[in-house]
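Colleague: this is the structure alone, sequence omitted:
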């Protein structure tokens, strides 16, 4: 037949399918996309070592059509990047797409959404985190007073223990009431 290069062994593909919410086609599409954002530095035949060591720089990930219009693209990449640089190896790249896939459970999506909004990484969404989220969502088009008013309203509605911040459970309780959350928290490979 032809000289088609196989990117993964069947065993590797099965392993990725078990570890993610992606099917074979999604994994192969993600690999092609990863090769593109690494300017071909990712090997055509992906080894276990290469999947953990070859890295796509954030500057290239930022240009992906799937991410470029998302106001949280930098935070998304930072959250999935082990060193928080925003640069992703192939395994992290797959984790990102797996989490944002339609098949990922809502609880997982809520955890990652919380981590994306937790700009200071303290495990809570305080006023500064919520303010940064509002500014990202509105592309800095609102006045500081309008942004602060939104943060105040969010805390009034969602801060059940009145400590001035949202815990992961308070965030989950609130975000799952939003009818569009699951619909909008996805990316297609």
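Modeller: Yep, it's here. Since the structure is predicted, the reported quantities are computational estimates derived from the model, not experimental observations.
Colleague: could you count how many residues lie near the closest residue to residue 142 other than its chain neighbours?
Modeller: Once flanking residues are discounted, residue 142 sits nearest to residue 134: 7.2 Å by CB to CB, 6 or more residues apart in numbering. The C-beta positions use only the backbone N, C-alpha and C, and glycine is treated the same way. Counted with other CB atoms under 10 Å, the neighbours of residue 134 add up to 18.
Colleague: roughly how far apart are residue 134 and residue 71?
Modeller: Distance of residue 134 to residue 71, computed by CB to CB, to the nearest Å: 10 Å.
Colleague: next up, the contacts around the residue nearest to residue 142.
Modeller: Residue 134 makes contact with 142, 147, 150-151 under the criterion CB atoms under 8 Å, 6 or more residues apart in numbering.
Colleague: name the element it belongs to?
Modeller: Using DSSP states H and E, residue 134 sits in helix 127-137.
Colleague: show the model's pLDDT score for the residue nearest the centre of the chain.
Modeller: What sits nearest the mean C-alpha location of the chain, by CA atoms, centre = their mean, is residue 76, with 4.0 Å. Listed pLDDT for residue 76 reads 97.
Colleague: can you tell me how far the nearest residue to it once chain neighbours are set aside sits from residue 98?
Modeller: Closest residue to residue 76 apart from its sequence neighbours, by CB to CB, 6+ apart: residue 116 at 5.9 Å. According to CB to CB, residue 116 and residue 98 sit 15 Å apart.
Colleague: thinking residue 43 is in contact with residue 51, fair?
Modeller: No: counting by CB atoms under 8 Å, residue 43 stays clear of residue 51, with 9.4 Å between them.
Colleague: more neighbours: the two, which one.
Modeller: Set residue 43 next to residue 51 and count neighbours by other CB under 10 Å: residue 51 wins out with 21 against 17.
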